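Peer 1: Provided below for reference: sequence and predicted model.
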Amino acid sequence: MRACIDIGGTKVAVSLNDGASRDLLARRSEPTATTGSNDALARQVLRMVDEAAAELRVDPASIRSAGVSSAGPFVIVDGRIELASPNICGGLAGPERGLPNDWRTALLESPLADRFGRVRIENDCIAALEAERRWGALQGLQHCAYVTWSTGIGTGLCVDGRVLRGKNGNAGHAGHMFVSDNDDALCGCGNIGDVEALVAGNAVERRFGADAATLLQRARAGDGEAEDRVQELCRVLGRALYNLVVTLDLQRISLGGSVFWHHREYLLPRLRTQVSGRLAALTDGCDLVSAGLENRVGDYAALALVD
């Protein structure tokens, strides 16, 4: 048995895989632990793995490998990955951000390595990119990206058939590109006016007084003010997508994440208009598409790391 672990700013999902199929067994999901000491998240993950093993009546000690698809950024401390995620670690932006802890990092690799014989941890969008290239909408492509519009904004990038990782595995944190001087857009990383602070799911309610789902429901129902706000969100994220396309000369971008997925028919054409027709020499031949793995991208992202 192998553990498949998906860590996001909002939830943690754990499932097991027997190595003989793509089936994800005994799946469970919980809100991400953000209180107590900074090993709380790692302890949550290990408990959930034990609970999944108990459900399947297998010995937890028989689970010897784990794939972890996790929100970043990562920092390396004593050779092991810790999380410095703006949506998990409250010490990065301070009390104004509203997270119930003062962590600057959350322990991850060290506690898991003590338990499992093999642990592979990747940024969640890098892992999702690998899953989409193997089983989803990016199969057969050498120049592509996966972008999530969810609690945060993240990207996984592939150029010339090579997945980009960077010095600490943090390549693709395009959500933290500065794009605005809005003083109402505080990101959990401490930046004011980056992409994530303007359009991510956790930013919408802080900026507009309604969560992303409510705002999008109002826009789809014809509320003019909500339509204008959603159009502005699509303009900001669409420009970020355009920047990726013209910087990396991409063939396709696959889009997922909770904000996007539940309103993909409404959002996708609005994002496409921000890319198509602009500098055609660079944008022609690049498609924006919904994730081929649909709303299971996170689960299969973790599987791709152990498969």
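Peer 2: Here it is on my side, so go on.
Peer 1: Confirm for me that residue 2 is in contact with residue 67.
Peer 2: Yes - contact criterion CB atoms under 8 Å: residue 2 and residue 67 qualify, at 6.9 Å. For glycine as for every other residue, the C-beta is placed from the backbone atoms N, C-alpha and C.
Peer 1: what is in contact with the two at once?
Peer 2: residue 306 (CB atoms under 8 Å, 6 or more residues apart in numbering).
Peer 1: Mind checking which of the two has more residues around it?
Peer 2: residue 67 (24 against 20; other CB atoms under 10 Å).
Peer 1: continuing past the helix or strand in which the more buried one is found, what's the next helix or strand?
Peer 2: For residue 67, the host element (DSSP states H and E) is strand 65-70. Using DSSP H and E, the helix or strand that follows strand 65-70 in sequence is strand 74-77.
Peer 1: what packs against the very next helix or strand once past that next one?
Peer 2: Remark: after strand 74-77, the chain's next helix or strand is strand 80-83, criterion DSSP H and E. The contact analysis (3 or more CB pairs under 8 Å, 6 or more residues apart in numbering; DSSP states H and E) places strand 80-83 against strand 74-77, strand 106-107, helix 109-115.
Peer 1: Helices of the stretch 151-300 of the chain, residue ranges please.
Peer 2: Assigned helices in the stretch 151-300 of the chain, in chain order: 195-199, 201-208, 212-220, 224-248, 258-261, 264-272, 280-283, 297-304 (criterion: DSSP state H, counting those that start in this stretch).
Peer 1: what's the angle from the strand holding residue 67 to helix 297-304?
Peer 2: Computed by axes from the mean of the first three to the mean of the last three CA atoms, to 10 degrees, the angle separating strand 65-70 from helix 297-304 equals 140 degrees.
Peer 1: And the average pLDDT for strand 65-70 is what?
Peer 2: Across strand 65-70, pLDDT averages out at 96.
Peer 1: Who are the contact partners of the closest residue to residue 22 other than its chain neighbours?
Peer 2: Closest residue in space to residue 22, ignoring its immediate chain neighbours: residue 303 at 6.6 Å, by CB to CB, 6 or more residues apart in numbering. With CB under 8 Å, 6+ apart as the criterion, the residues that contact residue 303 are 4, 17, 22, 24, 67, 131.
Peer 1: do you know which of the helices of the stretch 151-300 of the chain lies nearest residue 170?
Peer 2: Proximity to residue 170 (CB to CB) singles out helix 195-199 among the helices of the stretch 151-300 of the chain, at 14.0 Å.
Peer 1: Can you pull out the low-pLDDT segments for the stretch 201-307 of the chain?
Peer 2: Within the stretch 201-307 of the chain, not a single segment meets pLDDT under 70.
Peer 1: Chain neighbours aside, what residue packs nearest to residue 111?
Peer 2: residue 42 (3.9 Å).
Peer 1: Report how many residues lie close to that neighbour.
Peer 2: Look at residue 42: counted by other CB under 10 Å, it has 22 neighbours.
Peer 1: residues contacting it?
Peer 2: So residue 42 contacts 106-108, 110-112 (CB under 8 Å, 6+ apart).
Peer 1: For it, which three-state class applies?
Peer 2: Under DSSP: H, G, I helix; E, B strand; the rest coil, residue 42 falls in the helix class.
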